[in-house]
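Trainee: here's my sequence, what's the structure:
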Amino acid sequence: MSLLKSLLRSNNGLNKLKYISSTTPFFSVFSNDILNRSFIGGYQPRQTHQRVKNNILFSLFSSSSSPPSSTSSESESAAAIDSSPTIDDLQFTTLVEMQQQACHRYGSLPFLGTKQGELFDYISFAEFGRQVNQFRGVLAKHNIGINDKVAMISNNRLEWAIAYYAANTLGAQIVPMYEAQSEKDWKYIIQDSEAKIILVATEKLYDKTYELIDTFANVQGVLCFDAEEDYLHSYKRWMKTDLGEDGIPPAFDPAPEHLTVIIYTSGTTGHPKGVELSHKNICSNVLGLRDLWGENLKLRQKSLAFLPWAHVFGMTCDLHALMASGSSGAIVPSREAILECFQLVKPSAMSSVPLLFNKVFDNFHKTVNAESPLKKKIVSAAFKVARERNHRLEFGQPVGFLLEKQYQLADKVVFSKVREKLGGNMQYLGSGGAGTPLPVLHFFEDIGVPICEGYGLTETSPVITASMVGWKDRRLGCVGRPLKGVTLRIIDPSSMHEVEHGQEGEICVSADSVMVGYRNNPQANDEVFFYQDGKRFFRTGDLGIIVDHKYLKITGRLKELYKLENGKYIVPAPLEDILCRSLFISQAMITGANKHFNVAVIVPDYAEIMKWAAHHNIATIDFNDKHNYPALVNFMNEDRIARLMTSEIVQACSAMKSYERIHIWSAIAEPFSQENQMLTPKMSLRRNNVAKVYQHLIDDMYEGKGGHRTHHAGTKIKSIEEAYGSAPSAR
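Mentor: Reported below is the predicted structural model:
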């Protein structure tokens, strides 16, 4: 009889559980430590999805003090979900129609919140509409009209959303960019898009972009959101300017085919490509999500807006979806503030990339493993019950009275404590960008906050497939089913014929959400579009299979596919994800094209490595000092450190096929980043750049001159000594 079952059947046991829950330090772990270190990243529709841990993000939940709770005066943040109005009243074919209808229909209801101290100050839909009208007049004063391009370099903020809709109501298109993007990319995008005006967030950005007025003939002005009202380039000044009765032109009524935005995707090679998206593209996505999620969206949701709106995932699934459903979104001012924002806003739903979920999962288990045997047994029993119950529900099997009662007890004693750290009201999480590992999906499912995975690209506005909360349209490990109106086919990339059900091939899609095309790039358009059965299809470049004639499962990236010397095909990104599940590995790049076996370039998680080293009386190094980079590489070659890393890689390889496993690895000191051109703004790995910089390391590994061998890679081990005895790994 299980521990939880025996406790459930015993009054003394039940009282003991209640006592433990309310008094022991272990259960305070759920509100202080388990979620106390996490990571948030930008949306990455084609990324290798590695953990980039070389910045402050990993101290997110490091404070030992409890975050402030909502104040009684902040009724919008503290309240649960408002049950009215429903979203069914909005019928639109353009984002202009959507914005105008929403601002009229939802009037006094809160829309976007800006953090002021320990409160969020929300703008109402009606006031938002008024400010959109005002800024439409401002842009008109700057000679912005139909089909002009408005470039914007800014993180998420209220002004970003106002500018987007204002430009659209003039028939103009927004060209969004990231503040962290390189100046080289800014200049290319501004020139290629022929932007007429540039909107920037800060004075620093203004100083960097003002000179472009003289550099590019198309640029006629720059406005700054943060600039004080004394300056003519101040957004604040213009927003307070009386434009007069004739100063604000009537809103332009675009056709559904009219462009709304041009998003430049930062490809892993060459210049960014401008993805032209129409009102029909994005509205079909919003309406498709509404059709799938209708019952859930009928209740006004409260969300945290931290996915970058400069990317189509945040733009469509946060900003536009909030507008269309009359929901509210609290704009997270910085990634470091997310824990506090959970408590202030108490969101009911949120979208993220899997990195956040992975880190929560990792730290939960790390903390639990440090607890007493009794406490670990209680948690283990709770998750065992939840897993059995949820597995039955997923596959349509009966749960039974006793199992349900056991789950209710487990939820009260264990899972509710975890949910409180997410604000206590979270109903579900949306995930995109990369596959969430199955154990992580199980974890969140079992604590009562299901992760609903979806799939798409910038070129598809972005959602192609999505899951929902109920099991009817969700299968763990898959990314849902196609949205209404989406035709999805799995195509053999060689013959361009559809493969048989269950066979792997390239994911191709035909839908109203598919982009108009790449701007000024007919060659790229020819490479991704083809016609079949009278429909225009888009080649995603991703590999996948259809499961049970319904669900899409992503299996890899076609362009990243390479062949070993023995003819076996390798898709490196999922293997890199497996490596990066190690506590001691931050990033990895696997390579092996036309070679007999795979090797890996590893960026260790130096923070965790140094903790381990200090615990084992090994002298540590300041890994944040770039002057120490050469010493760090030598440090990783230290006998015990090298064995530790090798053991981690060996254990990771146990989840790989024999021909996929890593035979040799080498550590490097400098993390992959945007600054060193090894990551795109979406955090995708620029493999060619990494390979070019570290080709000497790769060559040395294959020539037997360097690196650490994993020997019998793939054998599950319990300790370093069990695998290697006292001998260090070969160099």
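Trainee: ranges for the strands of the stretch 201-350 of the chain?
Mentor: Ranges of strands in the stretch 201-350 of the chain, per DSSP state E, counting those that start in this stretch, are 221-224, 259-265, 273-278, 302-305, 328-331, 349-352.
Trainee: so where's the chain uncertain?
Mentor: Where the chain drops to pLDDT under 70, the residues are 1-89, 267-269, 295-299, 712-731.
Trainee: for it, what's the longest helix?
Mentor: In terms of residue count, the longest helix belonging to the chain (DSSP state H) is helix 373-394.
Trainee: A helix includes A410, no?
Mentor: Yes - assessed with DSSP: H, G, I helix; E, B strand; the rest coil, A410 lies in a helix.
Trainee: that one: neighbouring residues, count only.
Mentor: 25 (other Cβ atoms under 10 Å). Placement of C-beta: from N, CA and C, glycine included.
Trainee: isn't it right up against S380?
Mentor: No - here A410 does not reach S380: they are 10.6 Å apart, not a contact under Cβ atoms under 8 Å.
Trainee: now do the domain split for this protein, please.
Mentor: According to automatic domain parsing, the chain comprises the domains 3-70+347-449, 75-325, 453-560, 562-724.
Trainee: picking that back up, mind listing what's buried in the longest helix of the chain?
Mentor: K375, I378, V379, A381, A382, F383, K384, V385, A386, E388, R389, N390 (16 or more other Cβ atoms under 10 Å).
Trainee: helix, strand, or coil at the closest residue to D291 other than its chain neighbours?
Mentor: Closest residue to D291 apart from its sequence neighbours, by Cβ to Cβ, 6 or more residues apart in numbering: K484 at 4.6 Å. Under three-state DSSP, the three-state class of K484 is coil.
Trainee: contacts only, for K484.
Mentor: Shown in contact with K484 (Cβ atoms under 8 Å, 6 or more residues apart in numbering): L287, G288, D291, L292.
Trainee: what do you get for F529?
Mentor: Here F529 is in contact with G517, R536, F537, F538, R539 (Cβ under 8 Å, 6+ apart).
Trainee: for it, give its distance to F538.
Mentor: Look at F529 and F538: by Cβ to Cβ, to the nearest Å, they are 6 Å apart.
Trainee: for I649, same thing?
Mentor: Distance from I649 to F538, by Cβ to Cβ: 37 Å.
Trainee: please list the residues outside the longest strand that the chain contains that contact it.
Mentor: Under DSSP state E, the strand in the chain containing the largest number of residues is strand 535-547. Applying Cβ under 8 Å, 6+ apart, the external contacts of strand 535-547 come out as 46, 455, 457, 459-460, 464, 475, 478, 487, 489-491, 493, 501-510, 514-515, 527-531, 552-559, 561, 571.
Trainee: so what strands line up beside it?
Mentor: strand 505-510 (antiparallel), strand 529-532 (antiparallel), strand 551-557 (antiparallel) (DSSP bridges).
Trainee: ok, and for it, which residues are buried?
Mentor: Buried positions in strand 535-547, judged by neighbour count with 16+ other Cβ under 10 Å: F537, F538, R539, T540, G541, D542, L543, G544, I545, I546.
Trainee: check stretch 635-642 too.
Mentor: F635, M636, I641, A642.
Trainee: same check on stretch 201-208?
Mentor: Within stretch 201-208, the residues scored as buried using 16+ other Cβ under 10 Å are A201, T202, E203, L205, Y206, K208.
Trainee: show me what contacts the spatially closest residue to the first one that is not a sequence neighbour?
Mentor: Nearest residue to A201 in three dimensions, chain neighbours excluded: S154, at 3.8 Å (Cβ to Cβ, 6+ apart). With contacts defined as Cβ under 8 Å, 6+ apart, the neighbours of S154 are W160, P176, E179, L199, V200, A201, L205, F225, A310.
Trainee: columns distance to I578 on top of the residues you listed, output as TSV?
Mentor: Output for those, formatted as TSV (distance: Cβ to Cβ, whole Å):
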residue	distance to I578
W160	37
P176	33
E179	32
L199	42
V200	41
A201	38
L205	39
F225	42
A310	30
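Trainee: for PyMOL, what selects the buried ones among these?
Mentor: Provided next is the PyMOL selection string for whichever of the contacts of S154 are buried by 16+ other Cβ under 10 Å:
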select buried, resi 160+176+179+199+200+201+205+225+310
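Trainee: who touches N133 in this structure?
Mentor: A166, T169, I248, A251.
Trainee: picking that back up, between the buried residues of helix 373-394, which sits nearest Y629?
Mentor: V379 (40.4 Å; Cβ to Cβ).
Trainee: ok, and the closest non-adjacent residue to the closest one?
Mentor: V379 sits nearest to V368 (Cβ to Cβ, 6+ apart), 5.3 Å away.
Trainee: what helix or strand is that neighbour on?
Mentor: helix 354-369 (DSSP states H and E).
Trainee: mind listing what's buried along that helix?
Mentor: Buried positions in helix 354-369, judged by neighbour count with 16+ other Cβ under 10 Å: 354-364, 367-368.
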